[in-house]
Each structure stands twice: as structure tokens, then as C-alpha cells.
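Visitor: Prediction below, plus the sequence it came from.
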Amino acid sequence: MRRRAACSGREFTDQGSYTLEALLCLVVLVPFLGILAAYGLAGLGDSTAANAATAAARAASESADPDTAASRARQAALASLWQAQRTCHSADIQVDTSRFPRAPGQGGSVSVRVDCTIPLAQLAVPGLPGSKTLSATRHSPVDRYVEKGGGR
């Protein structure tokens, strides 16, 4: 299709406009897809941290003493993170047993915080940080009727 310009007398063609449109779409679409992938990784990392913290708090709340609770919490969190495989680049697990009951029948709770660092550098999107740390904290009441310590 050829059109004549009204005033200049020159002819204009549509040749090359598809290349320009494709280039503009590419410049806009590629970073958008990278940002979308970053949000997906962040959502996956957030749920991974939450699941690990939940499993750890539950395992700790069924323990008989604070030391065992901390150990079981770390084991449960690591097992949950291992199941998620490559979601977290690194993880930090903090167990708070300061409100752990000292005798049967007493109320108490355990808190577990899991920090999950996800890598974003692999997406190669300008403006994104190299990694993002997502945190989840879960609390669980300690079972009142688990025998505490060395017996009665």
C-alpha cells in the first residue's frame, strides 16, 4: 500500500513498521515477563517459608523439653525446605522456647521463624535485587499432657 503525502509530494510506505512494532513489544514484554517470574518466585518462597515454619512449630510443640523442641523444630524445618528443593537459596531457622512449660499441665508455646532467601539474579531483569529474603513466623501451643523431663 502506498500513500501520497498531501503537501510534500513524497510517498510513504508501511515497510519496516512491523519490525519497529516487534521491537517495541519485545522491549516492553521481556521485562514484564521477568517481573512476573520474580513475583512467582517470591510467592513460592513465601509459601515454602510458611510451610517450614508451620511444620517446625508443630514438631516442637510435641516435645518434652526445650532442647528437644529446638532440635525437632530445626529437623522439621530442614525436611520441609528440602522437599521444596531449590526454592530457597539459603535459610535461617530460629526457634524460641522461652515460653516452654517446665511441668506437665502448664500452658506454653513455641515460636519458629524461618527466613528463606530466594535468588532473583538469574532472571536478569534490570532493577531487581540479586536476592530477596522472605520470613514466616509460626506459633504453636505446647501439648500440656506430654511428660516433661525424666518421669514422675
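Guide: Yep, that arrived.
Visitor: CA only for contacts and neighbour counts going forward, please
Guide: Noted.
Visitor: Remind me what the helix or strand hosting L23 packs against, helices and strands.
Guide: Following DSSP states H and E, one finds L23 within helix 17-61. Judged by 3 or more Cα pairs under 8 Å, 6 or more residues apart in numbering; DSSP states H and E, helix 17-61 is in contact with helix 66-83, strand 109-119, strand 131-141.
Visitor: what would these look like in TSV with distance to T48, mean neighbour count and mean pLDDT?
Guide: Output for these, formatted as TSV (distance: least, Cα to Cα, whole Å; neighbours: other Cα atoms under 10 Å; pLDDT from 0 to 100):
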stretch	distance to T48	mean neighbour count	mean pLDDT
helix 66-83	7	20	92
strand 109-119	8	24	92
strand 131-141	9	18	92
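Visitor: For these, give me CSV that also has distance to R99.
Guide: Below are the helices and strands packed on helix 17-61 laid out as CSV (distance: least, Cα to Cα, whole Å):
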stretch, distance to R99
helix 66-83, 9
strand 109-119, 6
strand 131-141, 10
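Visitor: Of all the ones you listed, which one comes closest to G34?
Guide: Proximity to G34 (Cα to Cα) singles out strand 109-119 among the helices and strands packed on helix 17-61, at 13.0 Å.
Visitor: Paired strands for the closest one, with orientation please.
Guide: The strands beside strand 109-119 in its sheet (DSSP bridges) come out as strand 90-96 (antiparallel), strand 131-141 (antiparallel).
Visitor: now the angle from the last one to helix 17-61?
Guide: Taking axes from the mean of the first three to the mean of the last three Cα atoms, to 10 degrees, strand 131-141 and helix 17-61 form an angle of 30 degrees between their directions.
Visitor: residues in contact with A50?
Guide: 114, 135-138 (Cα atoms under 8 Å, 6 or more residues apart in numbering).
Visitor: Might you calculate how far stretch 19-37 sits from the centre of the chain?
Guide: The chain centre lies 26 Å from the centre of stretch 19-37; the measure is Cα atoms, centre = their mean, to the nearest Å.
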